[in-house]
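1. A structural model of the following input is requested.
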Amino acid sequence: MRVVSIGGRAVGAGDAPLVVAELSCNHLQDIRLAEDTIRAAADAGADGVKLQTYTPDTMTLDSDAEQFVIGQGTIWDGQRLYDLYQEAYTPWDWHGPLMELAKSLGMLCFSTPFDLSAADFLETLDVPAYKIASFEITDVGLIEHVASKGKPVVMSTGIAELADIEEALAACQRGGNDDVVLLKCTSAYPATAAEMNLRTIPDMAERFGVPVGLSDHTTGSAAAVAATALGAVMIEKHLILDRSLGGPDAPFSMEPAEFAAMAADVRAAHAAVGEPTYELTERQRASRAFSRSLFVAEDVAAGEEFTERNVRSVRPGLGMHPRHLPEVLGKRAARDIEKGEPVKADMLQDPAGPSGSGHPRPRS
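-> Sure thing, here's the model as predicted:
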């Protein structure tokens, strides 16, 4: 699989997923709220922050016609597209200060351009990568233009069929760019667990030979953790300071404490997956002392026969391996043995006994 470098971070190299906080419209047109959300992202353990770069006029037409009114069973039904984007967009003059703030907090900051002018504007800010939103994955002209900037391209696939992904990747190649990260995404807001089909992540990685992550619109962290276990290299999740603030994306955005827990769980899941191995860790090897082994369960006199009553497989693992129990039973004790002694090979008398009689010595 190709490794893609985003701002010096090697995505797809086997490290824990890049955890990205999506600001989207959760600033509610208040730059101080935007700044506070970025600070909260840093405190919550985000590796990066993502913005969105558009205006209502670059997204749609200012029209009251039926086709420009949302009505597909979404949380925004009844709103005009133009009004929704007017409410949600991030003013372009905020981009520079917000990116500088994120950088000062040790985070990457990049954005989603929704048209050619937005991509050209972001290039003046020297962004480390570009994001293609799910609904723009069919805009091959935009993708080719973005790819031509020579920066990594992260593409969400929320409305894409297989042919759409193939065409989008071809557009990147026409733009001279193979540094692509695909994000498995379900464009439902919020998405349910049953809609996620996360097994697509390793399939996409194998099919296309590129790193694959998750753009997650579910309301919890389960999908992000499961995606990490399936090899996701990036987790993108909406962040809001407080869902009670409202806004178009509030219902499927995480609050800072939730985001922090998710980020920690994602990194723990990545560490837990590890590599295929049957070698024991040092701690596992130490724990073998508590495995089962053969112990004398009651006092046994020299020459007395070992039986299922006086020899048992118990913890800890200081005696002979339990596999040897059939060999021990029926043998005779080479000496007096106290209850609780681990069975050792030198406790077993030669079948003929020390005097060749095979009879036990009397107890003292």
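
2. buried residues in stretch 226-244?
-> 226-228, 230-241, 243 (16 or more other Cβ atoms under 10 Å). Using the backbone N, CA and C atoms, a C-beta is placed for each residue, glycine as well.

3. buried residues, the helix or strand where residue 154 lies. List them.
-> Per DSSP states H and E: residue 154 is located in strand 153-156. For strand 153-156, burial by neighbour count (16+ other Cβ under 10 Å) applies to 153-156.

4. residue 241 is in contact with residue 44, correct?
-> No - counting by Cβ atoms under 8 Å, residue 44 does not reach residue 241; the two are 10.8 Å apart.

5. and for the two, which residues touch both?
-> residue 256 (Cβ atoms under 8 Å, 6 or more residues apart in numbering).

6. tell me the contacts of residue 26?
-> Residue 26 touches 33, 37, 238-241, 245, 247, 249-250, 253, counting by Cβ under 8 Å, 6+ apart.

7. confirm it sits in a helix?
-> No - counting by DSSP: H, G, I helix; E, B strand; the rest coil, residue 26 is not found in a helix; it is coil.

8. nearest spatial neighbour of it, skipping sequence neighbours?
-> residue 240 (4.2 Å; Cβ to Cβ, 6 or more residues apart in numbering).

9. need the helices for the stretch 1-150 of the chain, in chain order.
-> Counting by DSSP state H, counting those that start in this stretch, the stretch 1-150 of the chain has helices at residues 31-43, 56-59, 81-88, 92-104, 116-123, 140-147.

10. so the fourth one versus helix 116-123, what angle?
-> If I follow you right, that is helix 92-104. With axes from the mean of the first three to the mean of the last three Cα atoms, to 10 degrees applied, the angle from helix 92-104 to helix 116-123 works out at 40 degrees.

11. which residues sit against helix 92-104?
-> Applying Cβ under 8 Å, 6+ apart, the contact partners of helix 92-104 are 23, 27, 31, 34-35, 38-39, 41-42, 48-49, 51, 53, 55, 90, 108-109, 111, 121-122, 125, 127.

12. mind listing what's buried in the helix or strand of the chain with the lowest mean pLDDT?
-> Here the helix or strand of the chain ranked lowest by mean pLDDT, DSSP states H and E is helix 81-88, holding a mean of 91. Neighbour-count burial for helix 81-88 flags 81-86, 88 (criterion: 16+ other Cβ under 10 Å).

13. which among those gets closest to residue 167?
-> Distance to residue 167, by Cβ to Cβ, is smallest for residue 81 among the buried residues of helix 81-88, at 24.4 Å.

14. list the contacts of the residue nearest to the closest one when sequence neighbours are not counted.
-> Spatial nearest neighbour of residue 81, chain neighbours left out: residue 60 (4.3 Å); criterion: Cβ to Cβ, 6+ apart. With contacts defined as Cβ under 8 Å, 6+ apart, residue 60 is in contact with 68, 81-82, 85.

15. same deal with residue 255?
-> By Cβ under 8 Å, 6+ apart, residue 255 lies in contact with 239-243.

16. let's see 10 Å
-> Contacts for residue 255 (Cβ atoms under 10 Å, 6 or more residues apart in numbering) come out as 40, 44, 239-245.

17. quick one, grab the pLDDT at it.
-> Residue 255 carries a pLDDT score of 98 in this model.

18. same check, this time on residue 73
-> The model reports residue 73 with a pLDDT of 80.

19. what count of nearby residues applies to it?
-> Neighbour count for residue 73, taken as other Cβ atoms under 10 Å: 7.

20. phi first, then psi, for it.
-> Per-residue torsions, residue 73: phi 80, psi 30 (degrees, to the nearest 10).

21. report the separation between it and residue 232.
-> Separation of residue 73 from residue 232 (Cβ to Cβ, to the nearest Å) stands at 28 Å.

22. likewise residue 63?
-> Taking Cβ to Cβ, one finds residue 63 at 39 Å from residue 232.

23. what sits closest to residue 172 if chain neighbours are left out?
-> Sequence neighbours aside, residue 147 is the residue nearest to residue 172 in space, at 4.2 Å (criterion: Cβ to Cβ, 6+ apart).

24. ok, that neighbour - contacts?
-> 119, 130, 132, 153, 155, 168-169, 171-180.

25. next one: stretch 326-343 to chain centre, how far?
-> Centroid separation between stretch 326-343 and its chain, computed with Cα atoms, centre = their mean, to the nearest Å, is 52 Å.

26. which residues are in contact with residue 51?
-> Residues in contact with residue 51 (Cβ under 10 Å, 6+ apart) are 22-24, 27, 34, 38, 90, 92, 94-95, 98-99, 102, 109-113, 122, 127, 131.

27. could I get the buried residue list for stretch 32-47?
-> Of the residues in stretch 32-47, 33-35, 37-38, 40-42, 44-47 count as buried by neighbour count, 16+ other Cβ under 10 Å.
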